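Visitor: Predicted model and sequence follow; I will ask about them next.
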Amino acid sequence: MKGDDVPVSDRLIAFLPNLRRFAISLCRSRDLADDLVQAACERALASQDRFEAGTRFDAWMFRILRNLWIDHVRRTKTAGPREDIDDRQDIVGSSGERDVEARLTLKSVAVAIDELVDEQREVLLLVCIEDLSYKEAAEVLGIPIGTVMSRLARARKNLADAAGINPAADRSPEKGGKI
Amino acid sequence: MSRREFDDETLMAFADGELDAETTTAIEEAMGSDDTLIARVATFMASRAQASAALKPLIDEPVPEALTLSVQKMIDAARQRDNAAVEASEPPAQDNVVAFQPGAPRKVSSSWALPLAASLAAVIVGAGGYLAGKAGAPASEGFAVASISDPAITEALGSTASGSDVALGDATMKLVSSFRDESGALCREFELHRASKPSLVSVACRTEQQWDLRLAVAAPTAGQDYVPAGASETVDAYLTTIHAGAPLSEADEKKALGLP
């Protein structure tokens, strides 16, 4: 009764590095990411009947993981912002100097990605890192393609500004919004 | 000929190769005489390439052995379950999961309900039990879900943002999230923590201004302050089976609930 091509259970292990990278960048914590990956795999296995053969397995997994993450955020959102500075430094693996340095010079691209607001970061991850199409990203995130595009464009402008990605030095100095 | 303006989204789609042929040609032509346009496109190309390069190391990082092992274990267990399910052809009748709605898609529910039954006394409510407005909720009679028909709960469903708690007598209702199901109906996940009674994790969906209880999972004797992981996993699995959309943002939720 299962799909006659490669079953979900046979793909999971090979996909762990991708899933984990997405999780780490999404929740900015390795410990949390591993829990999230585990929960996503569990859920994928429990509902593998729902996976439609011929559709992208990675997009399906990202969607499961991201929904679990949002759920987790909602569940734990008791008071105040949930961002944890230590967790975030864990991702970029840098020291406390980072913040000081960042104010003086341009940020590394990894830091700049890390500092994007969630809705911009997740769409950037899906399209630019994981190579999903706009349409596939829209499905993962449950938003219209137009929203994917506007968020993605803003994310990349912010990224370019923060990290100094600017091939043409004479570009007008207008800012796409400060982070 | 006047110069045609292209917005960021269009240029980004061009850089990503996601643009229709006609606009692609138009941009290519315009770039021939417009250095600013070239620079804008180049920035989008560079931001993608650099973002990709920046996170490349993460994928080369070895996956922790514990994680791989744990996932492998789940895979093995899932295969065993599949084999067992094929042999048994029908789910065992004595498990603790009660499906109230014969019309519910059986094949999806059994795939996740079976493994959970052993560790958790779960009460699954089908589409039959209304939260309010209807006389009684026959499906829930005699079960712990009876008190879920409290009108205060219905009111909270329609008026309280996710992430907040509502005190209902000696119980606390915790609104977890809002989302749309496959048919586009607004659904809400919530938890009910009650003194000296099992906590409930529930999903209700709104059809024609009526809140319709779709799922209630009881988590017996686990204390009042939290719902054990098994219960929320059941709900998660359920949400997957109904193709639940991503949780609504705060703004979208407000709009959906008609809140100011």
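Guide: Right, received. Where do you want to start? Residues are numbered from 1 along each chain as shown, chains lettered A, B, ... in the order given.

Visitor: anything in stretch A:127-138 sitting right up against chain B?
Guide: Yes - judged by C-beta under 8 Å from any C-beta of the partner chain, stretch A:127-138 comes into contact with chain B at A:127, A:128, A:129, A:133, A:134. (Each C-beta comes from the backbone N, C-alpha and C, glycine too.)

Visitor: Which single one of those is nearest to residue B:69?
Guide: residue A:129 (26.5 Å; C-beta to C-beta).

Visitor: Do I have it right that that closest one meets residue B:52?
Guide: Yes - under the criterion of C-beta atoms under 8 Å, residue A:129 makes contact with residue B:52 at 5.6 Å.

Visitor: Give me the more crowded residue out of the two.
Guide: Between residue A:129 and residue B:52, residue A:129 has the larger neighbour count (other C-beta atoms under 10 Å in any protein chain shown), namely 22 against 16.

Visitor: tell me which element residue B:192 is part of?
Guide: Element membership for residue B:192 (DSSP states H and E) is strand B:186-194.

Visitor: Name the strands paired with that strand and say parallel or antiparallel.
Guide: strand B:171-180 (antiparallel), strand B:199-207 (antiparallel) (DSSP bridges).

Visitor: Just the CA coordinates for the longest one, please, in PDB.
Guide: Taking Å, rounded to 0.1, in the frame of the first residue of the first chain, the C-alpha atoms of strand B:171-180 are listed here in PDB:
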ATOM      1  CA  ALA B 171      -9.500  25.100  34.900                       C
ATOM      2  CA  THR B 172      -7.000  26.900  32.700                       C
ATOM      3  CA  MET B 173      -7.500  27.000  29.000                       C
ATOM      4  CA  LYS B 174      -4.300  27.500  27.000                       C
ATOM      5  CA  LEU B 175      -4.700  28.600  23.400                       C
ATOM      6  CA  VAL B 176      -1.900  27.100  21.400                       C
ATOM      7  CA  SER B 177      -2.400  28.000  17.700                       C
ATOM      8  CA  SER B 178      -4.800  28.700  14.900                       C
ATOM      9  CA  PHE B 179      -4.600  27.300  11.400                       C
ATOM     10  CA  ARG B 180      -6.700  26.300   8.400                       C
END
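
Visitor: List the contacts of it.
Guide: A:70-71, A:74-75, A:142, B:147, B:153, B:156-157, B:160-167, B:186-195, B:239, B:244-248, B:252-253, B:256-257 (C-beta atoms under 8 Å, 6 or more residues apart in numbering or on different chains).

Visitor: switch the cut-off to 6 Å
Guide: The contact list for strand B:171-180 (C-beta atoms under 6 Å, 6 or more residues apart in numbering or on different chains) reads A:74-75, B:156, B:160, B:162, B:164-166, B:187-194, B:244-245, B:247-248, B:253.

Visitor: Count the neighbours of the residue nearest to residue A:149 when sequence neighbours are not counted for me.
Guide: Once flanking residues are discounted, residue A:149 sits nearest to residue B:9: 4.4 Å by C-beta to C-beta, 6 or more residues apart in numbering or on different chains. Residue B:9 sits with 20 neighbouring residues when counted by other C-beta under 10 Å.

Visitor: now do the one 3 residues further on
Guide: Taking other C-beta under 10 Å as the neighbour definition, residue B:12 ends up with a count of 29.

Visitor: ok, it - contacts?
Guide: So residue B:12 contacts A:153, B:44 (C-beta under 6 Å, 6+ apart).

Visitor: How about residue A:22?
Guide: residue A:62.

Visitor: buried sites along the helix of greatest length in chain B?
Guide: Assignment by DSSP state H gives helix B:65-88 as the longest helix of chain B. For helix B:65-88, the neighbour count (16 or more other C-beta atoms under 10 Å in any protein chain shown) marks B:67, B:70, B:71, B:74, B:75, B:78, B:82 as buried.

Visitor: again with stretch B:6-16
Guide: So stretch B:6-16, judged by 16+ other C-beta under 10 Å, has buried residues B:6, B:8, B:9, B:10, B:11, B:12, B:13, B:14, B:15, B:16.
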